[in-house]
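[1] quick one, fold the following:
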Amino acid sequence: MTTVDPTAVLVRLKLSLLRNGLRQSAGRRAVYITSLVFVLLYAALQLLGLFALRGHAHVGAVVVLLVEVLALGWAVMPLFFPSSDETLDPSRLVMLPLHPGPLVRGLLVASLVGIGPLFTLSLLAGSAIATAHGAAAYATSVVAVVLTLLICVALARAVATANIRLLSSRKGRDLAVLSGLVVAVGLQFLNFGVRRLGSGGLSQLEPVGQVVRWVPPASAIGAVDSVSRGSYGIGAAQLALSAAALAGLLALWSRSLTKVMTTPDASTLQAAEPASGERSARNLSGLLPAGRAGTVMERSLRYIWRDPKTKAAWVTSLAIGLIVPVFNALQGVGSLYFVCIASALLGLQMFNQFGQDTSAFWMVAMTISSPRDAYAELRGRALALLLIALPHLALVTVVMTVLLDAWAKVPGVLGLSLALLGAMLATGSWASTRFPYSVPQEGYRNAAPGQAGLVWASFLGGMIAAALLTSPVIAAAIWLNVAAGGERWTWLLLPVGAGYGALLALLGLRLAAPRAARRLPEILAAVSKG
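    Reported below is the predicted structural model:
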């Protein structure tokens, strides 16, 4: 009886999945090829940068921190992008007669196929070459690169396997909502770090680098630097740490894999129990106004809580609207008027209101028989947005005011941001009826094929129109801040801006309602394409 090596089978399976996926459509092939080209170009630039640092006094600290950040990316990737690689789900292999040992070995080798491992290999090779000096160091670098690459891949696999029950559930899919937040925070930290390095130089990395060089998998690359300096014992200890980490990850992965493949899925045992979101929605419904407005508000809030893409848009807007102003303030380049960024991002949620309903919009359309019904529908959606936007604007304003100690400017800033929010509500309600588009439930597309023009027309046209509508309040704010003695009257911007924004929002709803009542079939056709 001949035995088949599962490693070779799993590698061929990974290649077949990749090949068949590219055969599905020309668009997917174009995206894959474009991604590959960009990754290779970025990897080449990284290599050139690391080669340029060769011989620098602080290159060792740079490369170990770079490798540790890379490993962190591998660890969180399965949590925020659970559907990016179908082979991350070990439950698909439950029916195969395989022991955990051969399965772990085969999946580990198969995981080395792809764009991510290729990019990681190039960056690790550049890091090793940047720190290696001498034959012993080059020999160590070969072991270090292979060991670090295996740790990164095993880390992603172990995390995905340990959390596969969560990632395959609706709550797990909702976890991907936080990806926008992670990216936003990461970019701000990167911006902050680049500014600090630009002012103080790479020497600031040394204290952290001395600690990180003993943390796997960066310790393997740190071993190359240690051997280059003649510290062979320290280099061997650092390699041993990484090897022990790899062994521990493989053991954890094997244990999680055994549990997944031998334990029944109990994800439906609590299906009869009401979810926390359902209980919260029921408790909130008693606080909402009676009539159609309250019903529409409750439905909109349920969409925000339950629909992954709607939730992703809201979480990203709320996070970026707070993070960007705060980080700029911490870096000494902020202004209290950055609160308007939060106002604009939240106002964008009013755009394409009917797109989030998808084909279920027919149930909403059945209840609209007149412009008055359409006005009540749009008004309820706007009130649901304001229920979240107004407290958030107040929070951002307070935080920025404390950081900048600019209490005198608070009324003017709040008035301007409320006027901008009202203008965004007006243009968003009109754009929702004039440029509706479908939001596909699956995948990462935010519009159905062929509707990209509608998206750009809606957002760009709406933002330009909102800026023009807000221009009187903007001009008043500039004049009061420039004119002599005008600071005493900036408090007037708060009632004027709030009243002007409310007037714009009501006017936009009034103008959009008749159009919505007339275009119900066209709106239904547009939002049902996904």
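[2] please tell me I have it right and R519 contacts F435.
    No - contact criterion Cβ atoms under 8 Å: R519 and F435 do not qualify, at 10.9 Å. Where C-beta positions appear, they are placed from N, C-alpha and C, glycine not excepted.
[3] so the two - more neighbours on which side?
    For R519 and F435, the more surrounded residue by other Cβ atoms under 10 Å is F435, and the numbers stand at 21 against 16.
[4] how much space separates that one from S429?
    Counting by Cβ to Cβ, to the nearest Å, the gap from F435 to S429 is 12 Å.
[5] quick one: the strands in the stretch 1-150 of the chain?
    For the stretch 1-150 of the chain, applying DSSP state E, counting those that start in this stretch gives no strands.
[6] please enumerate the helices of the stretch 151-300 of the chain.
    164-167, 170-175, 178-200, 206-212, 218-228, 232-262, 276-285, 292-306 (DSSP state H, counting those that start in this stretch).
[7] name the helices or strands packed onto the fourth one?
    Going back to what we said before, that points to helix 206-212. Contact analysis of helix 206-212 by 3 or more Cβ pairs under 8 Å, 6 or more residues apart in numbering; DSSP states H and E lists helix 59-80 as its packing neighbours.
[8] other SSEs contacting the helix it packs on?
    Partner elements for helix 59-80 (3+ Cβ pairs under 8 Å, 6+ apart): helix 115-131, helix 135-162, helix 178-200, helix 206-212, helix 218-228.
[9] among those, which is the most enclosed?
    Among the helices and strands packed on helix 59-80, the stretch with the highest mean neighbour count (mean count of other Cβ atoms under 10 Å) is helix 218-228, at a mean of 28.
[10] low-confidence ranges, the stretch 151-300 of the chain, go.
    Filtered on pLDDT under 70, the stretch 151-300 of the chain yields the residue ranges 164-203, 261, 263-286.
[11] does I474 touch L416 like I think?
    Yes - applying Cβ under 8 Å, one finds I474 in contact with L416, separated by 6.8 Å.
[12] pick out whichever of the two has more residues nearby.
    Between I474 and L416, L416 has the larger neighbour count (other Cβ under 10 Å), namely 25 against 17.
[13] from memory that one sits against S471, does it?
    No - counting by Cβ under 8 Å, L416 sits too far from S471 to count as a contact (11.0 Å).
[14] for the protein, which helix or strand comes out least confident on mean pLDDT?
    The weakest-scoring helix or strand in the chain, judged by mean pLDDT, DSSP states H and E, is helix 276-285 (a mean of 51).
[15] in the protein, where's the longest helix?
    Ordering each helix of the chain by length in residues (DSSP state H) puts helix 371-404 first.
[16] and whichever helix or strand comes after that one, how far out from the chain's middle?
    As assigned by DSSP states H and E, the chain's next helix or strand after helix 371-404 is helix 410-434. Relative to the chain's own centre, helix 410-434 is displaced by 25 Å; criterion: Cα atoms, centre = their mean, to the nearest Å.
[17] same check, this time on stretch 406-413
    32 Å.
[18] give me the contact list for it.
    336-337, 339-340, 397, 400-401, 477, 480-481, 487, 490-494 (Cβ atoms under 8 Å, 6 or more residues apart in numbering).
[19] show me which of those are buried.
    L336, Y337, V339, C340, T397, M400, T401, A477, L480, T490, L493, L494 (16 or more other Cβ atoms under 10 Å).
[20] distance to V143, secondary structure and pLDDT added to these, as a markdown table?
    Putting the buried ones among the contacts of stretch 406-413 into a markdown table (distance: Cβ to Cβ, whole Å; DSSP: H, G, I helix; E, B strand; the rest coil; pLDDT from 0 to 100) gives the following:
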| residue | distance to V143 | secondary structure | pLDDT |
| --- | --- | --- | --- |
| L336 | 54 | helix | 85 |
| Y337 | 55 | helix | 86 |
| V339 | 53 | helix | 89 |
| C340 | 54 | helix | 89 |
| T397 | 55 | helix | 90 |
| M400 | 51 | helix | 89 |
| T401 | 55 | helix | 89 |
| A477 | 63 | helix | 86 |
| L480 | 67 | helix | 82 |
| T490 | 66 | helix | 80 |
| L493 | 65 | helix | 88 |
| L494 | 65 | helix | 90 |
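[21] just flag the most distant two among the residues you listed.
    M400 and L480 (19.3 Å; Cβ to Cβ).
[22] which two from the contacts of stretch 406-413 end up farthest apart in space?
    Greatest spacing in these, by Cβ to Cβ: M400 and L492 (20.9 Å).
[23] what pLDDT does the closest residue to Y32 other than its chain neighbours get?
    In space, Y32 comes closest to L22 once its chain neighbours are excluded; the distance is 5.9 Å by Cβ to Cβ, 6 or more residues apart in numbering. At L22, the pLDDT value in this model is 73.
[24] and L22, how far from A144?
    Distance of L22 to A144, given as Cβ to Cβ: 33 Å.
[25] what angle separates the longest helix of the chain from helix 292-306?
    With axes from the mean of the first three to the mean of the last three Cα atoms, to 10 degrees applied, the angle from helix 371-404 to helix 292-306 works out at 50 degrees.
[26] buried residues in helix 371-404, which are they?
    Within helix 371-404, judged by 16+ other Cβ under 10 Å, the buried ones are 371, 373-389, 392-393, 396-397, 400-401, 404.
[27] what of stretch 496-506?
    Neighbour-count burial for stretch 496-506 flags V496, G497, A498, Y500, G501, A502, L504, A505, L506 (criterion: 16+ other Cβ under 10 Å).
[28] repeat that for stretch 466-483.
    For stretch 466-483, using 16+ other Cβ under 10 Å, the buried residues are A466, L469, T470, V473, I474, A476, A477, L480.
[29] residues in contact with that stretch?
    Contacts of stretch 466-483 (Cβ under 8 Å, 6+ apart): 344, 347, 412, 415-416, 419-420, 423-424, 426-427, 486-487, 489-490, 492-493, 496-497, 500, 504.
[30] ok, now with 6 Å
    412, 416, 419-420, 423-424, 427, 486, 489-490, 493, 497, 500, 504 (Cβ atoms under 6 Å, 6 or more residues apart in numbering).
[31] then stretch 358-367?
    The contact list for stretch 358-367, computed with Cβ under 6 Å, 6+ apart, reads F354, L520, L524, V527, S528.
[32] which residues does L15 contact?
    L15 touches nothing, counting by Cβ under 6 Å, 6+ apart.
[33] if you set the cut-off to 7 Å instead, what comes out?
    V113 (Cβ atoms under 7 Å, 6 or more residues apart in numbering).
[34] tell me which of the contacts of stretch 358-367 fall in helices.
    Counting by DSSP H, these contribute L520, L524, V527 to helices.
[35] closest to L123 among those?
    Nearest to L123 among the ones in helices among the contacts of stretch 358-367 is V527, at 43.0 Å by Cβ to Cβ.
[36] pLDDT score for that closest one?
    Per-residue confidence (pLDDT) for V527: 83.
[37] how many neighbours does it have?
    As a burial measure, V527 scores 26 neighbours (other Cβ under 10 Å).
[38] what do you get for L36?
    If we define neighbours as other Cβ under 10 Å, then L36 has 13 of them.
[39] so what's it closest to, chain neighbours aside?
    I115 (5.9 Å).
[40] who's in contact with that neighbour?
    By Cβ under 7 Å, 6+ apart, the contact list for I115 reads S35, L36, V39.
[41] how far away is the residue nearest to V143 when sequence neighbours are not counted from A245?
    Using Cβ to Cβ, 6+ apart and skipping the chain neighbours, the partner closest in space to V143 is L239 (6.5 Å). In this view, L239 and A245 are 11 Å apart by Cβ to Cβ.
[42] I figured L121 hits L150, correct?
    No - using Cβ atoms under 7 Å, L121 is not in contact with L150; the gap is 10.9 Å.
[43] okay, now T34: neighbour count?
    Neighbours around T34, by other Cβ under 10 Å: 10.
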